[in-house]
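Enquirer: Okay, predicted coordinates and the sequence, questions at the end:
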Amino acid sequence: MTMSYIIFVQPALLSQLGMDFGSVMVATCLASALATILMACFSNYPIALAPAMGHNFFFAYNICMAMNIPWQIALGANFISSGITTLFVWVRQKIIYAVPESLKHAICVGIGLLISLIGFEWAGIIDYHPGTLLGLGNFSQPPVYLALIGLIITVILLGLNVKGSLFWGIIITTLLGIPLGVVKYEGLVSAPPSLMPTLFKLNIKGAFKIELVSAIFILFFLDLFDSVGTLIGVGKQGNFIKKDGEYPRIKQALLVDAASSLAGTTLGTTTITSYIESSAGIAQGARTGLSNIITALLFLLSIFFFPFVKMIGGGYATSKGMILYPVISPCLIIVGSLMLKSVKDINWDDYTEGLPAFLTLVIMPFTFSITEGIAFGFISYSLLKLLSRRAKEVHWIIYLFALLFILRYIFLK
């Protein structure tokens, strides 16, 4: 339920490029289901996958619109970047082992803050204001107080230790939203749209252009660190990472995460990656790939129950033209709050550990980017340890990527 928004966001975004709305929706569901099942079979982790938020906007606005690249060639570039990520999966595995404990905890907290911020914005509780950028929203709007009611109900269910409280919170909020006019009943079943308008339409040959080299690199870069950050975040929350830093079956998880995008771009959607919304399942007790099978089946069923899914996960358009998600947002706020408990495991007494951790966890929500948070953390951690004559405490991989991040800020806009 917390991932269902991607079923509507992805086709709405990519249809602006001339891609068929229904075809993108089907491609999104099929690719997500396939990747999620593969993660269950090969890693046995309850980590679901779907098209990455942020990557899809970079694909649409930075590649297709800004560079005037047809979506078929852009999908080809996305396929190439995914192939590179798959070939270098061993690099991502070494990165996870090299990341210091303080940054691992900070990444988990930072992602939690980011999720909560998105939840508050989607609820309309936080809105954009001139000068201050963010401020309180208009609480007189029906979707805002529906989200507040949904948040209160879900917290009460959690306090009463009701099994599946996040799920039941979503269902109750949906039912309350119908008489308020926020949730519109549109039926239950519809025939699935055709996949043919996007299936195998990617142009890999056309993507081998000099002007697309930087775009391919950034897609690779985003996939590399967003997935690492997510896997570390959910790994810490689910206690999958051992006390000695070992992360069992992480190579299989990283391989599935990388290779899934190859199938996704072939079907007609953008980078597939591990979803931080998996935290919702983990928060309710999911510890194996069994939950992934259920999630994948629901993605497949979504193709046939599109009106019903839209009723639950669809947005509400306000008078200002903003799209709010009052049914899903309470769940995101709560999941984000559950991830903040890792902050207590950061060594705040050591400033060479505490400051990089602080920068990591605040930069993520401030910039809406997991990648930027990791970048600030890596750079500051390396510099502080080096200048404090404690350079040997840092793995050489952290130094390498700190340097790459610095070069990225110098040469890339």
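Expert: Received the coordinates, thanks.
Enquirer: Low-confidence stretches in the stretch 1-150 of the chain?
Expert: 92-93, 96, 128-132 (pLDDT under 70).
Enquirer: Can you give the domain ranges for the protein?
Expert: By the assignment in automatic domain parsing, the chain contains the domains 5-114+187-312, 345-411.
Enquirer: what mean pLDDT does the last one have?
Expert: Yep, that's domain 345-411 we're talking about. For domain 345-411, the mean per-residue pLDDT is 89.
Enquirer: Off-centre distance for that domain?
Expert: A distance of 21 Å separates the centroid of the chain from that of domain 345-411, by Cα atoms, centre = their mean, to the nearest Å.
Enquirer: End to end on it, go ahead and measure it.
Expert: 35 Å (Cα to Cα, to the nearest Å).
Enquirer: again, but for the longest one
Expert: Domain 5-114+187-312 has an end-to-end distance of 9 Å (Cα to Cα).
Enquirer: Find the nearest non-adjacent residue to Gln42, please.
Expert: In this structure residue 42 is Phe, not Gln. Closest residue to Phe42 apart from its sequence neighbours, by Cβ to Cβ, 6 or more residues apart in numbering: Gln252 at 4.3 Å. The C-beta positions use only the backbone N, C-alpha and C, and glycine is treated the same way.
Enquirer: In contact with the spatially most central residue of the chain: list those residues for me.
Expert: In the chain, the centroid-proximal residue (Cα atoms, centre = their mean) is Tyr275; its distance is 4.6 Å. Applying Cβ atoms under 8 Å, 6 or more residues apart in numbering, we find Tyr275 in contact with 3, 47-50, 230.
Enquirer: And the domains of the chain: which comes nearest Ile149?
Expert: Ile149 sits nearest to domain 5-114+187-312 of all the domains of the chain, at 15.9 Å, using Cβ to Cβ.
Enquirer: before we move on, the earlier item: roughly how far apart are the residue nearest to the centre of the chain and Asn56?
Expert: As for Tyr275, its distance to Asn56 is 13 Å (criterion: Cβ to Cβ, to the nearest Å).
Enquirer: what does Thr371 give?
Expert: 15 Å.
Enquirer: what's near enough to touch Val183?
Expert: Neighbour list for Val183: 174, 177, 311-312, 316, 327 [criterion: Cβ under 8 Å, 6+ apart].
Enquirer: Which of those residues fall within helices?
Expert: 174, 177, 311-312 (DSSP state H).
Enquirer: Report the secondary structure state of Asp127.
Expert: Counting by DSSP: H, G, I helix; E, B strand; the rest coil, the backbone at Asp127 sits in strand.
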